[in-house]
Every structure is written in structure tokens, then in C-alpha cells.
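Peer 1: The amino acid sequence is not available; the structure is as follows:
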Ligand SMILES: CC(C)(COP(=O)(O)OP(=O)(O)OC[C@H]1O[C@@H](n2cnc3c(N)ncnc32)[C@H](O)[C@@H]1OP(=O)(O)O)[C@@H](O)C(=O)NCCC(=O)NCCS
């Protein structure tokens, strides 16, 4: 498969990571609001390591979490994309869709716009029949993005995230899914 290095939406370029993205990315991954539904914030070294893992996923599979750049200002604002789920669960192996934006770019529709573009890319260009998304039960903003792009909550698939410590309330996760058929319905309905 040709690697999918770049995508474009109305207001965003979804591109490969630049070394200069690290400062903003590390700031957002250290922001308690951005990381409210994650077990821990990241320090600069951990953010750099995460960018390294994202680049590694692109190198291995030809798709991944794209860096988002606003067309109007040129600013790097976060990430959205597709990746293989990195742990075992009832719903794996699976490709998941995910997003994380810097706080000053929330409430403007960028996450849903990028998510829609990534989802379309998944069904247009990857041999997948289903894409999943998951987040902590309390993370309503993320679930709103899932709903906005036509994903369906699978109540029976609620699960405890194996990488979150037992006893941590963030361990309880919800699972959303969308099949290729459902995605085609959203296009034509
Ligand atoms: C999850 C997250 C990406 C959602 O960001 P967001 O900006 O709220 O999501 P959207 O891009 O869909 O924007 C929707 C909001 O923009 C508003 N909006 C403004 N202009 C818009 C436009 N042109 N199109 C769509 N929505 C628009 C909507 O009304 C909506 O506002 P509301 O939440 O008050 O109803 C963000 O909260 C985040 O980065 N959180 C931290 C990281 C995280 O939890 N990631 C998920 C882990 S699983």
C-alpha cells in the first residue's frame, strides 16, 4: 500500500510530523484540561517519544495519527488519525480512530472535521470493514466527536482499559463502532 502521508479537509492540512511541532504538542500533553481523561500528563520527553511512536506507525503501516495544521494561520493544533489498537481486548484486532487538540482550538469543529476526513480515508483506502473508537466513560467531548461522525455506541462492549490502573475511575471505557456499510449510509442518507 502507498503510504498515506497527507490528507486535506476544508480548513485543515493533515500532514506528517515536523520536529517543530514538539513544543506545542508537549505543551498540550502537559495541559491538565487536555489530559483530564487520561491517567497521566506527559512531560516533554514523553511527548517526544509519543511522536516517535506515531512516526513508527506511519513507517510500518502507511497510516497513523496525522499532525493537524490550520490552513488560515498555519498553526499546528494537534492530532487526529487511525491506528491499530495497541492492546488485546474483545474487539481487537481493530483499527481505531482518535484525536487530541490543543485547548485554544476546541469548540470550532476542527476535531470533527479531521475525524470525518480520517474516517473517509480509512474506508476509501484501507482494507477495513469496521473502525472503532473508545474513551473513558466520562469523556463526553470525545464521545460527541464519535457521534458527529456517525459512530454508534456499543453498550455491550463497555470495557476496562488494560493500560489504566485497577481502581482508577478512568479505567471504565466505552466503545463506539462504525462499519463500512453504516459509513456508506451516512454518505447517502
Ligand atoms: C475531544 C476533543 C478533540 C473535542 O474537541 P471539540 O473542539 O469539542 O470537538 P469538535 O471539533 O467536534 O467541535 C465541536 C464544537 O465546536 C462547535 N463548532 C463551532 N464551529 C463549528 C463548525 N464549523 N463545525 C462543527 N462544530 C463547530 C460545535 O458547536 C461544538 O461545540 P459544543 O461542544 O459546545 O457543542 C477535545 O475536547 C480534546 O482534544 N480533548 C482532549 C483530548 C481527548 O480527550 N481526546 C480523546 C481521547 S479518546
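Peer 2: Alright, I've got the coordinates. All values reported here derive from a predicted model rather than from experimental measurement.
Peer 1: is any part of stretch 37-44 close to the ligand?
Peer 2: Yes: interface with the ligand: stretch 37-44 contributes residue 37 (C-beta under 6 Å from any ligand atom). For glycine as for every other residue, the C-beta is placed from the backbone atoms N, C-alpha and C.
Peer 1: do you know how far residue 106 is from the ligand?
Peer 2: 4 Å (C-beta to the nearest ligand atom, to the nearest Å).
Peer 1: Apologies, that question was intended for residue 116.
Peer 2: The spacing between residue 116 and the ligand, counted by C-beta to the nearest ligand atom, is 9 Å.
Peer 1: ditto for residue 97
Peer 2: For residue 97, the distance to the ligand - C-beta to the nearest ligand atom - is 9 Å.
Peer 1: Identify the neighbouring strands of the host helix or strand of that residue in the sheet and state each direction.
Peer 2: Using DSSP states H and E, residue 97 sits within strand 95-101. Strand 95-101 pairs in its sheet with strand 76-84 (antiparallel), strand 130-136 (parallel), by DSSP bridges.
Peer 1: Any idea how far apart the tips of stretch 119-133 sit?
Peer 2: 11 Å (C-alpha to C-alpha, to the nearest Å).
Peer 1: check whether that stretch contacts the ligand.
Peer 2: No: Stretch 119-133 stays out of contact with the ligand when judged by C-beta under 6 Å from any ligand atom, the minimum separation being 7.1 Å.
Peer 1: May I see the buried residues of that stretch?
Peer 2: Within stretch 119-133, the residues that count as buried by 16 or more other C-beta atoms under 10 Å are 119, 120, 121, 122, 123, 126, 130, 131, 132, 133.
Peer 1: about what we covered before: contacts for the strand holding residue 97, please.
Peer 2: Contacting residues not belonging to strand 95-101 are listed as 28-29, 34, 65, 68, 77-85, 110-111, 114-115, 118-119, 122, 126, 128, 130-134, 142, 145, 149 [C-beta atoms under 8 Å, 6 or more residues apart in numbering].
Peer 1: Do you know the pLDDT at residue 100?
Peer 2: Residue 100 is assigned a pLDDT of 98 by the prediction.
Peer 1: okay, now it: neighbour count?
Peer 2: The local packing of residue 100 (other C-beta atoms under 10 Å) involves 19 other residues.
Peer 1: For it, give the beta-bridge partners.
Peer 2: The partner residues for residue 100, given DSSP bridges, come to residue 79.
Peer 1: repeat for residue 172
Peer 2: residue 160.
Peer 1: In this structure residue 102 contacts residue 78, no?
Peer 2: Yes: using C-beta atoms under 8 Å, residue 102 makes contact with residue 78 at a distance of 5.4 Å.
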